[in-house]
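Chemist: using only what follows, build the 3D model:
(one chain, ligands or ions: 2)
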Amino acid sequence: MGIITVAKLEPDMVMAGDLESRYGRFLLAKGTVLTSKHIKTFRTWGVVEVDIKGISQEDIESSAMAQLDPATLEAAEVMLRERFQQADLDHPVNHELFRLCALRKANEIQRGEQEGSNEYHEFSEADTDDNEILESTTTKMKPHEFIRKDIKLSTLPTIFMQIDETIKKPDSSAKNIANVIGGDPNLSAQLLRIVNSAFYGFPSRIDTLSRAVAIIGTRQLSTLAMGVNIISTFKNIPSDLIDMGSFWKHSISCGVIARILAGYKNIVNTERLFVAGLLHDIGRLLFYNYAPAESKNSLLKAKLSNNLLHKVEHETIGFDHAEIGALLLKKWKLPVSLETIVKYHHNPKKSRNRLETAVVHLADIMTNALGMGSSGERFVPPLDPDAWETIGLSVNILGLTIDQMDPQVEESFRIFR
Ligand SMILES: [Fe+2]
Ligand SMILES: [Fe+2]
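Modeler: Ligands and ions are numbered 1, 2, ... in the order given. Okay, the predicted model is just below:
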């Protein structure tokens with residue numbers, strides 16, 4: 001018998017133990033022969049893994065491996081070696097991520113799938129008719145001066161402040177919060193769609209906001225409302241430098257992965273990690289929109305020098321997207337914990353919020369490794385080994401997280417679109 005993730009279940013497998021929901025409710029008895037309907041229902045219930053008779057996850061993986069054409073696997077590995085060139089493949093996390101991503105990529109190639117809209121804009125020297133851009137030492141700005149530029153996004157919609165004020169009042173009830181959120185029909189509709197999606201996997205439908213607040217919790221739903229709000233504020237910003245679909249795919253995937261990892265660490269408000277993942281690269285949107293020449297220069301320089309984009313940003317702009325993103329969150333008066341995660345997601349050692357920053361740091365690495373969209377970076381960012389120590393989970397969690405991630409990313413992407 002073995003613990004098999006839901007993504008790897010197949011009809012006719014036999015359950016080796018009773019199955020309970022994550023809330024401890026009995027779902028299905030030992031000995032049940034699985035049907036495709038059961039497997040579909042597991043997904044809706046949010047079941048992650050099931051104890052199965054006579055087979056282990058390793059058996060499934062090696063038989064999947066055996067079905068792959070070795071030449072296809074090799075082609076996948078060649079593609080991934082390029083993406084992983086800044087990563088230390090001797091570290092067990094990178095090693096396992098490389099293996100998982102190569103299998104995934106080989107399967108995609110075998111099924112004839114393309115990565116789709118998750119490619120970054122490929123810049124070349126021909127893209128710039130002004131070579132001075134490359135040559136010049138661009139005017140270095142100070143982060144505070146930059147944020148003072150005419151940035152349309154310097155304030156968040158008032159509904160967000162109202163939600164924030166309401167949850168801070170000690171006598172606020174679920175109904176009060178629901179009433180405030182209900183003031184924005186778009187926000188309410190999106191929240192209810194999320195609550196009823198694979199993101200939560202509740203067995204029955206939640207059709208009112210006050211029930212959603214009661215079940216998910218005030219703080220969690222408010223955090224989620226904040227994320228939804230920010231996406232709606234940002235998603236229509238056009239940029240010639242980046243495919244916005246790809247940018248949001250990267251952000252949403254990082255949020256979903258951070259939330260799943262946070263669940264494994266029993267972090268209380270996993271929605272905060274979702275929002276932190278969602279916003280981790282928001283500084284890049286500011287760069288692309290308010291410093292387009294410098295951003296183009298950064299993208300081009302990073303490509304020509306095979307360097308990491310956030311390092312090049314320091315040279316061309318004077319500071320990186322993480323710093324400016326954190327300043328924007330500060331201006332929005334978002335919780336300091338979020339600001340800290342965003343500020344140090346490439347340098348988690350410096351964070352005062354070590355665990356949560358480490359989670360988003362890893363989620364970003366996984367998102368880049370899997371090629372889930374892009375915020376402009378071409379490589380898997382280097383892993384801070386201390387951050388992995390801080391997270392303190394087994395490397396097996398990487399595969400489990402990837403298996404859980406797909407349906408949630410798909411639904412979140414559809415909902416936020
Ligand atoms: Fe980043
Ligand atoms: Fe990122």
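
Chemist: going forward, measure contacts and count neighbours with C-alpha atoms only.
Modeler: Will do.

Chemist: the closest residue to residue 144 other than its chain neighbours - how many residues pack around it?
Modeler: Nearest non-adjacent residue to residue 144, counting by C-alpha to C-alpha, 6 or more residues apart in numbering: residue 327, 7.8 Å away. Residues near residue 327, counting by other C-alpha atoms under 10 Å, number 21.

Chemist: which SS state does residue 327 fall under?
Modeler: What DSSP: H, G, I helix; E, B strand; the rest coil gives for residue 327 is helix.

Chemist: do the same with residue 50
Modeler: strand.

Chemist: surely it meets residue 10?
Modeler: No - applying C-alpha atoms under 8 Å as the test, residue 50 and residue 10 come out as separate, 11.3 Å apart.

Chemist: more neighbours: these two, which one.
Modeler: Counted by other C-alpha under 10 Å, residue 50 and residue 10 do not tie: residue 50 has more neighbours, with 21 against 13.

Chemist: how much space between the residue positioned nearest the centre of the chain and residue 273?
Modeler: Computing the C-alpha centroid of the chain and ranking residues by C-alpha atoms, centre = their mean puts residue 254 first, at 1.2 Å. From residue 254 across to residue 273, the span is 9 Å (C-alpha to C-alpha, to the nearest Å).

Chemist: overlap of the contact sets of the two?
Modeler: Counting by C-alpha atoms under 8 Å, 6 or more residues apart in numbering, the common neighbours of residue 254 and residue 273 are residue 360.

Chemist: who touches residue 342 in this structure?
Modeler: 276, 279-281, 322-323, 325-326, 357.

Chemist: distance check, it against residue 146.
Modeler: Distance from residue 342 to residue 146, by C-alpha to C-alpha: 17 Å.

Chemist: go on, residue 250?
Modeler: For residue 250, the distance to residue 146 (C-alpha to C-alpha) stands at 24 Å.

Chemist: ditto for residue 286
Modeler: From residue 286 over to residue 146 (counting by C-alpha to C-alpha), the distance is 9 Å.

Chemist: again with residue 267
Modeler: The value you get for residue 267 to residue 146, if C-alpha to C-alpha is used, is 34 Å.

Chemist: these two touch, right, residue 368 and residue 383?
Modeler: No - with contacts counted by C-alpha under 8 Å, residue 368 stays clear of residue 383, the gap being 11.7 Å.

Chemist: any low-confidence regions in this structure?
Modeler: Where the chain drops to pLDDT under 70, the residues are 1, 21-23, 44, 46, 114-140, 149-156, 235-238, 417.

Chemist: as a check, name the ranges of all strands in it.
Modeler: Per DSSP state E, the chain carries strands over the ranges 2-5, 19-20, 26-28, 49-52.

Chemist: want to throw those into JSON lines with distance to residue 75?
Modeler: Converted to JSON lines, these look like this (distance: least, C-alpha to C-alpha, whole Å):
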{"stretch": "strand 2-5", "distance to residue 75": "27"}
{"stretch": "strand 19-20", "distance to residue 75": "40"}
{"stretch": "strand 26-28", "distance to residue 75": "42"}
{"stretch": "strand 49-52", "distance to residue 75": "31"}
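
Chemist: among those, which comes closest to residue 410?
Modeler: strand 2-5 (18.1 Å; C-alpha to C-alpha).

Chemist: and the closest one, which strands flank it?
Modeler: strand 49-52 (antiparallel) (DSSP bridges).

Chemist: domain map for this protein?
Modeler: Listed by automatic domain parsing, the domain ranges of the chain are 2-56, 61-110, 125-416.

Chemist: check the separation of the first and last residues in the first one.
Modeler: Translated: domain 2-56. Termini of domain 2-56 sit 4 Å apart (C-alpha to C-alpha).

Chemist: in the stretch 301-417 of the chain, what residue spans correspond to helices?
Modeler: 309-316, 321-331, 336-343, 354-370, 385-391, 396-416 (DSSP state H, counting those that start in this stretch).

Chemist: for the first one, packing partners?
Modeler: Pointing back at helix 309-316 there. Contacts defined by 3 or more C-alpha pairs under 8 Å, 6 or more residues apart in numbering; DSSP states H and E place helix 309-316 against helix 292-304.

Chemist: what's the local residue count around residue 58?
Modeler: 12.

Chemist: and it, how close does it get to residue 4?
Modeler: Distance from residue 58 to residue 4, by C-alpha to C-alpha: 9 Å.

Chemist: for residue 24, same thing?
Modeler: If you go by C-alpha to C-alpha, the gap between residue 24 and residue 4 works out to 19 Å.

Chemist: the two: who's more crowded?
Modeler: Neighbour count, other C-alpha under 10 Å: between residue 24 and residue 4, residue 4 has more, with 20 against 8.

Chemist: list the contacts of the more buried one.
Modeler: By C-alpha under 8 Å, 6+ apart, the neighbours of residue 4 are 49-52, 56-57.

Chemist: which of those residues sits closest to residue 88?
Modeler: residue 57 (26.3 Å).

Chemist: run through the residues that contact that closest one.
Modeler: 2-5.

Chemist: same question, residue 96
Modeler: Residue 96 sits next to 395, 398 when contact means C-alpha under 8 Å, 6+ apart.

Chemist: redo that, cut-off 10 Å
Modeler: By C-alpha atoms under 10 Å, 6 or more residues apart in numbering, the contact list for residue 96 reads 89-90, 102, 395-396, 398-399.

Chemist: any of these buried? List them.
Modeler: By the neighbour-count criterion of 16 or more other C-alpha atoms under 10 Å, these include these buried positions: 89, 102, 398-399.

Chemist: possible to save the residues you listed as TSV with distance to residue 410?
Modeler: Shown next, in TSV, are these (distance: C-alpha to C-alpha, whole Å):
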residue	distance to residue 410
89	29
102	21
398	19
399	18
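
Chemist: of the residues you listed, which is the nearest to residue 308?
Modeler: residue 89 (16.7 Å).

Chemist: state the distance from the closest one to residue 290.
Modeler: The value you get for residue 89 to residue 290, if C-alpha to C-alpha is used, is 36 Å.
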